[in-house]
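Colleague: next input, structure requested:
(chains A, B, C and D)
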Protein chains: 2
Amino acid sequence: MHIQETFRALADPTRREILMHLSRQEMTIGEVTDRFEITRAAVKKHLNILEEGQLISVHVQGRERINRLEAQGLSAVSDWIGYFNQFWDQRLGALKTAVEDAEAAKRKSIKGKI
Amino acid sequence: MHIQETFRALADPTRREILMHLSRQEMTIGEVTDRFEITRAAVKKHLNILEEGQLISVHVQGRERINRLEAQGLSAVSDWIGYFNQFWDQRLGALKTAVEDAEAAKRKSIKGKI
DNA sequence: ATTAAATGATACCATAAGGTATTATGTTAG
DNA sequence: CTAACATAATACCTTATGGTATCATTTAAT
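Modeller: Residues are numbered from 1 along each chain as shown, chains lettered A, B, ... in the order given. Prediction:
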């Protein structure tokens, strides 16, 4: 059960931003640090936490550590959220309406995967 | 942009458990407290944070406060995760394989909504 | 062999977070 | 009216968190 580590990792805005960067290309710690105004030590801590949440994987290459986005973490969060669908499907009134509204808004931004 | 408040709210295991309870039925603060071993004051703080994250809504009824699960927060998180799909679709190799595996596993648990 | 580059590992600091205890306030039942 | 109920608000405590600074280690380049 790594879901706690994953949610914890996603709770920090800097870490979510790191994931955004890594979604475009994998990077070394130094390259990630260049995109922020905090020290490399701080970035390293964030990367450790992202790894614990299975949101990234790290690959040692010589003296460098390549950080790569990993699907498992986000997939686990999607699954967790999916749990609520069964209840919403059965509910009535204002809540059901809210769900429908949310879905309508979402159809524009989600592709169906993850 | 309430996404930060939502992620923050989801980072705590007690709060996620509260959401699970509220998914089955709406409850007053006292009723939620009965399901945990912490004080009512602590539960109230959690409910405040869940409300800030738009994960629940609160409805005052006389001297009671009814806490109800709300779709907006989780929907926003789903959208945020959805952002990564476009990148994964274009990637090759081990990462792509991992995504496919994750999707295959997920088809069993997600319904397509939220 | 030496030096510079990239990272690892600690120690330390300030603030946020989760929790309790206590006191105050609004509501409903007799 | 008054007592019991449900919650609000505040103060306070302990630990977790995000951050820096410093020093050690490993690898690449000259």
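Colleague: buried residues of whichever strand or helix holds A:Arg16, list them for me.
Modeller: Secondary structure assignment for A:Arg16, by DSSP states H and E: helix A:13-24. The neighbour-count check on helix A:13-24 (16 or more other CB atoms under 10 Å in any protein chain shown) flags A:Arg15, A:Arg16, A:Ile18, A:Leu19, A:His21, A:Leu22, A:Ser23 as buried. C-beta here means a position set from N, CA and C on the backbone, and glycine is covered the same way.
Colleague: okay, those in JSON lines with distance to B:Arg68 and pLDDT next?
Modeller: Below are the buried residues of helix A:13-24 laid out as JSON lines (distance: CB to CB, whole Å; pLDDT from 0 to 100):
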{"residue": "A:Arg15", "distance to B:Arg68": "30", "pLDDT": "98"}
{"residue": "A:Arg16", "distance to B:Arg68": "28", "pLDDT": "98"}
{"residue": "A:Ile18", "distance to B:Arg68": "34", "pLDDT": "98"}
{"residue": "A:Leu19", "distance to B:Arg68": "31", "pLDDT": "98"}
{"residue": "A:His21", "distance to B:Arg68": "37", "pLDDT": "97"}
{"residue": "A:Leu22", "distance to B:Arg68": "37", "pLDDT": "97"}
{"residue": "A:Ser23", "distance to B:Arg68": "34", "pLDDT": "95"}
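Colleague: ok, which pair from those is furthest apart?
Modeller: Distance extremes for the buried residues of helix A:13-24: the farthest pair is A:Arg15 and A:Ser23 at 12.9 Å, using CB to CB.
Colleague: circling back to that earlier point, dump the buried residues of helix A:13-24 into JSON lines; add distance to A:Phe87 as well.
Modeller: JSON lines is the format used below for these (distance: CB to CB, whole Å):
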{"residue": "A:Arg15", "distance to A:Phe87": "30"}
{"residue": "A:Arg16", "distance to A:Phe87": "27"}
{"residue": "A:Ile18", "distance to A:Phe87": "33"}
{"residue": "A:Leu19", "distance to A:Phe87": "29"}
{"residue": "A:His21", "distance to A:Phe87": "36"}
{"residue": "A:Leu22", "distance to A:Phe87": "34"}
{"residue": "A:Ser23", "distance to A:Phe87": "31"}
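Colleague: quick one on the thing from earlier: what's the helix or strand that comes right after the helix holding A:Arg16 in contact with?
Modeller: Tracing the chain past helix A:13-24, the next element assigned as helix or strand by DSSP H and E is strand A:27-28. Residues from elsewhere that reach strand A:27-28 (CB atoms under 8 Å, 6 or more residues apart in numbering or on different chains): A:His21, A:Glu64, A:Arg65, A:Ile66, A:Asn67.
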